[in-house]
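Asker: here's my sequence, what's the structure:
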Amino acid sequence: MRLFTSALTICCIFFTCPSALAITFRGVVKDAVNGMHVQGVIVNFGNHWTKTDEKGVFTLESDAIATNSANSAGQYVLTFEKNETVKRVNVDASQIEGIVVPIKFRYPLKNVLHLFEESPNRLRFGPHEATTANTQCKGFVPNNSTEENPGATIPDLIGGQLERHDMAFIGEKYRVIKIVVGGQVVWKYNTRNQPENNDIWVLSNGNVLYAHQWFIEEVTPQKEMVWRVEMPGHQRYKIDPEVHSCQPIGIEKVLYLVNRVDGAYAVIYDRRTGSHTETRLEGDYKLNDPHGQARRIRRQANGHYVVTSFNTFYEYDADFKLLHSFKPGDGGMWGGVPLNNGNYILQRQRQRQSVEVDRDGRVVWSVSVDDLRDQFVRLIPDSYQQIGTTQMVERLANGNTVMFVRGCHSNRPQAIEVTPDKKVVWVLQDRAHLGDGFHAHFLDQPGYPELPGDTNH
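Answerer: Numbers count the residues shown, from 1 in each chain. Here you go, the predicted model:
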């Protein structure tokens with residue numbers, strides 16, 4: 001018996017041990033923020049690996065050599081990896097079954113892009129969609145088939161056109177949400193005709209949250225309505241009230257801004273109970289003109305709120321008491337959001353200018369369409385002449401800034417991306433697949449939309 005045991009020990013040193021000594025790990029990977037099971041996560045142990053399935057479940061078998069590699073505490077070290085997120089987990093030998101691994105991902109939205117590509121209604125009408133693709137853009141009239149009727153030749157501009165960013169794209173004149181993945185429109189959603197779409201989020205569970213001026217809505221990738229809040233009384237354009245901005249705050253709540261003739265109101269909607277908490281905002285908001293009052297509301301990581309009115313930037317505390325305000329200058333400020341560096345990025349519509357300011361309103365960086373004139377004239381001269389007013393702006397994780405351009409002209413860019421040193425690296429001008437460029441949520445950026453301050457959106 002002793003001789004047999006010694007022979008087995010030698011076998012385990014120089015050769016693979018008998019399979020009877022191998023172990024099998026079984027478990028599930030969940031998103032630590034939204035609780036969803038995550039597919040496609042690579043699970044490693046020693047020289048063995050597998051991937052989680054569509055339900056986030058994994059089964060990983062090891063040989064005896066790997067099994068004998070427990071650490072000094074008698075634990076096995078498993079590694080979980082996806083989209084630049086790596087997590088190492090120590091597993092006790094007595095707990096190799098039923099392993100639950102919560103992970104906070106660096107790029108959580110990349111985990112849900114497949115939901116749009118796999119949705120059975122992705123290019124067909126859902127039960128709550130408008131039955132036509134609504135547009136005010138002449139010469140761009142999509143049909144009701146699964147593909148748009150190309151209304152303009154795609155020019156060979158810089159930056160890769162649709163290939164540059166995965167994104168959810170909305171327009172003011174062309175009211176169809178488009179989700180672009182890998183350079184292709186993989187999902188679209190026809191919103192109600194008139195008046196305009198203003199704010200867009202893809203949540204970390206894959207749902208789409210957007211503000212349509214007359215309502216807030218959340219829909220699934222399968223185009224099922226999760227909830228909708230209507231602004232009452234709309235029979236015509238520019239009627240009280242209006243809603244232009246929304247933001248998820250945590251998994252269960254949504255913040256949105258309502259413009260009314262008696263002022264601007266911040267509203268927190270509880271998705272669990274359907275209840276609303278409404279607060280009138282102190283400030284010099286335009287009265288009798290709800291359409292021109294405000295365009296952005298955002299909660300920051302510190303719990304404070306910032307609101308962009310047409311000419312004033314406001315900061316409120318967690319109870320919506322006014323702390324601070326400044327006027328960043330004339331120009332019609334439609335877009336404004338807080339940045340992770342403590343500053344704010346805003347867009348001056350009339351001046352066609354993106355401006356980064358500090359908390360006191362001092363300009364620390366800016367770029368305008370006029371600053372880019374020489375680059376446009378040299379690279380794409382026909383486009384420069386058609387650039388009209390700009391409204392929204394986004395700051396990317398790499399420091400680049402994207403301005404969005406209004407209007408329907410086929411030679412007018414929809415988005416312009418510039419580096420901090422004002423080099424143009426992307427000009428989106430694709431009227432065959434997208435409408436006018438009002439705003440986009442870039443899905444290739446890090447951070448959770450539901451965690452204020454985790455993204456620059």
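Asker: going by C-alpha atoms from here, please, whenever you check contacts or count neighbours.
Answerer: Fine.
Asker: give me the number of residues near the residue nearest to residue 240 when sequence neighbours are not counted?
Answerer: Residue nearest to residue 240 in three dimensions, not counting chain neighbours: residue 260, with 5.4 Å by CA to CA, 6 or more residues apart in numbering. Here the count is done by other CA atoms under 10 Å, and residue 260 has 22 residues near it.
Asker: okay, and the beta partners of residue 260?
Answerer: Applying DSSP bridges to residue 260 gives these bridge partners: residue 263.
Asker: for this structure, which segments count as helices?
Answerer: 2-14, 64-67, 113-118, 373-379, 381-384 (DSSP state H).
Asker: ok, the residue nearest to residue 240 - contacts?
Answerer: 240, 241, 242, 287, 288, 289, 290 (CA atoms under 8 Å, 6 or more residues apart in numbering).
Asker: just residue 92 next, same as before
Answerer: Going by CA under 8 Å, 6+ apart, residue 92 touches 74, 75, 76.
Asker: hang on, isn't residue 436 packed against residue 410?
Answerer: No. Using CA atoms under 8 Å, residue 436 is not in contact with residue 410, being 9.2 Å away.
Asker: those two: which has the busier surroundings?
Answerer: residue 436 (29 against 23).
Asker: now the residue nearest to that one when sequence neighbours are not counted: how far from residue 198?
Answerer: Among residues not flanking residue 436 along the chain, residue 171 sits closest, at 5.0 Å (CA to CA, 6+ apart). Here residue 171 is placed at a distance of 8 Å from residue 198 (CA to CA, to the nearest Å).
Asker: overlap in contacts of those two?
Answerer: With CA under 8 Å, 6+ apart, residue 171 and residue 198 have common neighbours 438, 439.
Asker: ok, those two, which is more surrounded?
Answerer: Ranked by neighbour count (other CA under 10 Å), residue 171 and residue 198 place residue 171 first, with 27 against 23.
Asker: enumerate every residue touching the more buried one.
Answerer: Counting by CA under 8 Å, 6+ apart, residue 171 touches 177, 196, 197, 198, 435, 436, 437, 438, 439.
Asker: and the strands in the stretch 301-450 of the chain?
Answerer: Applying DSSP state E, counting those that start in this stretch to the stretch 301-450 of the chain gives strands spanning 305-309, 313-316, 322-326, 333-338, 344-348, 353-357, 363-368, 390-395, 401-405, 415-418, 424-428, 439-442.
Asker: now render those strands as a markdown table, adding mean pLDDT, distance to residue 187 and mean neighbour count.
Answerer: Output for these, formatted as a markdown table (pLDDT from 0 to 100; distance: least, CA to CA, whole Å; neighbours: other CA atoms under 10 Å):
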| stretch | mean pLDDT | distance to residue 187 | mean neighbour count |
| --- | --- | --- | --- |
| strand 305-309 | 92 | 30 | 24 |
| strand 313-316 | 94 | 35 | 22 |
| strand 322-326 | 92 | 40 | 15 |
| strand 333-338 | 81 | 26 | 27 |
| strand 344-348 | 90 | 28 | 25 |
| strand 353-357 | 92 | 30 | 23 |
| strand 363-368 | 94 | 32 | 16 |
| strand 390-395 | 89 | 22 | 27 |
| strand 401-405 | 93 | 21 | 25 |
| strand 415-418 | 94 | 20 | 22 |
| strand 424-428 | 93 | 19 | 22 |
| strand 439-442 | 94 | 14 | 24 |
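Asker: for residue 106, find the nearest of the ones you listed.
Answerer: Nearest to residue 106, of all the strands of the stretch 301-450 of the chain, is strand 439-442, at 14.3 Å by CA to CA.
Asker: paired strands for that closest one, with orientation please.
Answerer: Next to strand 439-442 in the sheet, as set by DSSP bridges, lie strand 167-170 (antiparallel).
Asker: which residues are contacting the strand it pairs with?
Answerer: 176-181, 197-202, 434-444.
Asker: switch to 6 Å and redo it
Answerer: 177, 178, 179, 180, 438, 439, 440, 441, 442, 443 (CA atoms under 6 Å, 6 or more residues apart in numbering).
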